[in-house]
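>>> Fold the following, please.
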Amino acid sequence: MLRSWRLVQRNLLVYKRGWMVIFSGFFEPLFYLLGIGFGLGTLIPPPHLADGRTISYAAFVAPGLIASSSMNGAIAESIFNVFFKLNFSKTYDAILATPLGIREIALGEMAWSLFRGTLYVIMFVVVMIVLGLVLSPMLFLVIPASILIGASFSAACLATSAYLRTVQDFDLPMGLAVMPMFLFSGIFFPISVYPLPIQVAMEATPLFHAVGLLRGLATGLLGWHELWDLVYLVAFGAVAMWIALNRLEQRLVK
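You can find the predicted model right below:
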């Protein structure tokens, strides 16, 4: 981990004069919250929680947007930037000439993406407090839970980027995985409003479990379902990290 920190330091130096690029990812979920949560939400009946409470549509949407923000932070660093370093700038070829190895590269890039995603989450939690969307004191547990979510997606994105060869290959993960997950993960509507086949497909996606875990924490509803969400995300991240390490080794160690 100490060696991996060197890669984080390197990324901090790269963004030294472009820090607004890092914070730009915060504004997308914020605009969704203001436009859909408070705009479209005025036309939608208030959702009901499992314990019978009725909450505002903005409070229902906000935890899901935090989950998508963690995913987007991982995508920005662990797919787009890693792809460029791997295929064009050959950054990792130079790094391997130092004492750092494949594991240090993978852990360093994951730590950097977690740093970026955690910034988004903290800022968004502050926005929720300011807007009066706090439903439970467990809201602050959303931050460590989001770090876990970011780690799982970062590992998956590292594995994906190691398979991409051309810029056109981005269409596959973005069009076939990221966008469908964003639309069908329970961020904007409860899963019960969808037909049964779509519900089954939604429950197989990691973003659905990320949304379920964060919504349970934000609303103070924790049960077996949220525990299953946690176990799913840990297992998903572990498998994705194993794939990422093996694939990066195949690409970089010839």
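
>>> Only C-alpha atoms from now on, for both contacts and neighbour counts.
Noted.

>>> tell me what the helix or strand encompassing L148 is packed against?
Secondary structure from DSSP states H and E places L148 in helix 142-161. For helix 142-161, the packing partners by 3 or more Cα pairs under 8 Å, 6 or more residues apart in numbering; DSSP states H and E come out as helix 57-75, helix 82-87, helix 102-130, helix 206-219, helix 224-252.

>>> To A162, which of the ones you listed lies closest?
helix 224-252 (5.9 Å; Cα to Cα).

>>> by how many degrees do that closest one and helix 142-161 diverge?
40 degrees (axes from the mean of the first three to the mean of the last three Cα atoms, to 10 degrees).

>>> Output the below-cut-off pLDDT ranges for the stretch 1-150 of the chain.
1, 18-23 (pLDDT under 70).

>>> In this model A67 seems to touch L214, though I could be wrong.
Yes: assessed by Cα atoms under 8 Å, L214 is found in contact with A67 at 7.0 Å.

>>> what's the overlap in contacts for those two?
S146 (Cα atoms under 8 Å, 6 or more residues apart in numbering).

>>> Give me the neighbour count for S24.
Applying other Cα atoms under 10 Å, we find 10 residues neighbouring S24.

>>> In contact with the closest residue to Y120 other than its chain neighbours, which residues are there?
Spatial nearest neighbour of Y120, excluding adjacent residues (Cα to Cα, 6 or more residues apart in numbering): F26 at 5.1 Å. With contact set as Cα under 8 Å, 6+ apart, F26 has these partners: 69, 120, 123-124.

>>> Would you check which pair of those lies furthest apart?
S69 and M123 (10.9 Å).

>>> Tell me which of the two has more neighbours.
Neighbour totals were compared for S69 and M123, and S69 leads with 25 against 15 (other Cα under 10 Å).

>>> That one touches T118, doesn't it?
No: using Cα under 8 Å, S69 makes no contact with T118, being 9.2 Å away.

>>> so what's in contact with those two at the same time?
By Cα under 8 Å, 6+ apart, no residue touches both S69 and T118.

>>> quick one: the spatially most central residue of the chain and A156, what's the gap?
By Cα atoms, centre = their mean, the mean C-alpha position of the chain lies nearest to M71, the distance being 1.9 Å. To A156, M71 is 10 Å away according to Cα to Cα, to the nearest Å.

>>> ok, I191 - contacts?
185, 199.

>>> what do you get if the cut-off is 10 Å, keeping everything else the same?
By Cα atoms under 10 Å, 6 or more residues apart in numbering, the contact set of I191 is 184-185, 198-200, 202-203, 208.

>>> In contact with the closest residue to L141 other than its chain neighbours: list those residues for me.
The spatially closest residue to L141, leaving aside those adjacent along the chain, is L217, at 6.6 Å (Cα to Cα, 6+ apart). L217 sits next to 63, 135-142, 145, 211, 226 when contact means Cα under 10 Å, 6+ apart.

>>> how many other residues sit next to the residue nearest to M128 when sequence neighbours are not counted?
The shortest distance from M128 to any non-neighbouring residue, by Cα to Cα, 6+ apart, is to V134 (6.5 Å). Neighbourhood size, V134 [other Cα under 10 Å]: 18.

>>> Please apply the same query to the one 10 residues further on.
A count of neighbours around P144, defined by other Cα under 10 Å, yields 12.

>>> Please look at it and F115 and confirm they touch.
No: counting by Cα atoms under 10 Å, P144 stays clear of F115, with 11.9 Å between them.

>>> about what we covered before: how about the residue nearest to M128, secondary structure?
coil (DSSP: H, G, I helix; E, B strand; the rest coil).

>>> now F31
F31 - assigned by three-state DSSP - is helix.

>>> I'd say it and G37 touch.
Yes: at 9.2 Å, F31 and G37 qualify as touching, with contact defined as Cα under 10 Å.
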